[in-house]
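S.K.: Test case, fold it:
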Amino acid sequence: MILSVSSSPALVSGLDFFAMISPVVHIVVIAISFLFMVMMLNIQITEIHEEVLRYLPVSGLIGLILWWELFFICDNETIPLLPTHKKTTSLRYTVHARKVRSWTNLETLGNLLYTYYSVLFLVPSLIFLVAMIGAIVLTMHRTTRVKRQDVFRRNALDSRRTIMRRTTDQLDISLTPPGRPCLRPGEGRTALSLSLMTLIVGLPPPSFVKQ
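M.R.: Now for the predicted structure:
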């Protein structure tokens, strides 16, 4: 409904091509966005393990239809070397200057786009094709060089167990002043953290924390 309303001013103004292409472009953009969202979900596709011969009849039928259309177009557009009386009508002299005024917007745009600006039309198409294939390949194949973190596993760690694990290191007696208990590496920060926790929670301080 929104696309039809947005394209109606162009249709009223006589720009039939722009009125037709505007909804098509919006629908294609939405479809591509939905496709990339589905690809990012990493859904396990079970059709990969199916046999390829299952789709052979349908693909063969579509291929035959396309081949017949191509042969039909080439047969009607090709002028033979020795034309008969049936083909003499295709060799009539035509004044193209008189037909320019009768061309529609779509015919004029197609004539300019596919004749004079064909190279400029094909180069962006190839660039968009490479960009689309590259995005699909990068999304489907997950590289192992990138360092990743498991957020759920890190959030599930207990803070007390994480602090107490640092007290299982070896004793460092050389740096301990005389008259003080031996602290392990990193135990000073652990003691400070535990002291703050005792002040907040109200638990008794550990035995190695000097009061």
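
S.K.: mind checking which helix or strand of this structure has the lowest mean pLDDT?
M.R.: helix 187-201 (a mean of 55; mean pLDDT, DSSP states H and E).

S.K.: list the helices and strands the longest helix seen in the chain packs on?
M.R.: Looking across the chain with DSSP state H, the single longest helix is helix 16-40. Counting contacts by 3 or more C-beta pairs under 8 Å, 6 or more residues apart in numbering; DSSP states H and E, helix 16-40 is packed against helix 2-12, helix 105-111, helix 118-140. Heads up, the C-betas are built off the backbone N, CA and C, glycines and all.

S.K.: Minimum distance to residue 32: which of those has it?
M.R.: For residue 32, the closest of these is helix 118-140, at 8.1 Å, according to C-beta to C-beta.

S.K.: Tell me where the chain is predicted with low confidence.
M.R.: Applying pLDDT under 70 to the chain picks out residues 1, 41-53, 74-102, 141-149, 151-152, 156-211.

S.K.: per-domain residue ranges of it.
M.R.: 1-78, 112-143, 168-211 (automatic domain parsing).

S.K.: Please pull up the helix or strand immediately following the longest helix of the chain.
M.R.: Later in the chain than helix 16-40, the nearest helix or strand by DSSP states H and E is helix 56-77.

S.K.: Can you lay out the helices and strands packed on helix 16-40 as CSV showing distance to residue 34 and mean neighbour count?
M.R.: Output for the helices and strands packed on helix 16-40, formatted as CSV (distance: least, C-beta to C-beta, whole Å; neighbours: other C-beta atoms under 10 Å):
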stretch, distance to residue 34, mean neighbour count
helix 2-12, 16, 12
helix 105-111, 29, 13
helix 118-140, 14, 10
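
S.K.: right, and those helices - which one's nearest residue 37?
M.R.: Of all those, helix 118-140 comes closest under C-beta to C-beta, at 10.7 Å.

S.K.: So which elements touch that closest one?
M.R.: helix 16-40.

S.K.: now the angle between helix 2-12 and the helix it packs on, please.
M.R.: Here helix 16-40 runs at an angle of 160 degrees relative to helix 2-12 (axes from the mean of the first three to the mean of the last three C-alpha atoms, to 10 degrees).

S.K.: Buried residues, helix 16-40. List them.
M.R.: Of all the residues in helix 16-40, those buried under the rule 16 or more other C-beta atoms under 10 Å are 17-19, 22.

S.K.: can I get these in TSV with distance to residue 69?
M.R.: Below are these laid out as TSV (distance: C-beta to C-beta, whole Å):
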residue	distance to residue 69
17	23
18	27
19	27
22	28
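
S.K.: out of those, which one sits closest to residue 155?
M.R.: Comparing the buried residues of helix 16-40 against residue 155 with C-beta to C-beta picks out residue 22 as the nearest, at 46.3 Å.

S.K.: List the residues that contact that closest one.
M.R.: For residue 22, the contact set (C-beta atoms under 8 Å, 6 or more residues apart in numbering) comprises 3, 6-7, 10.
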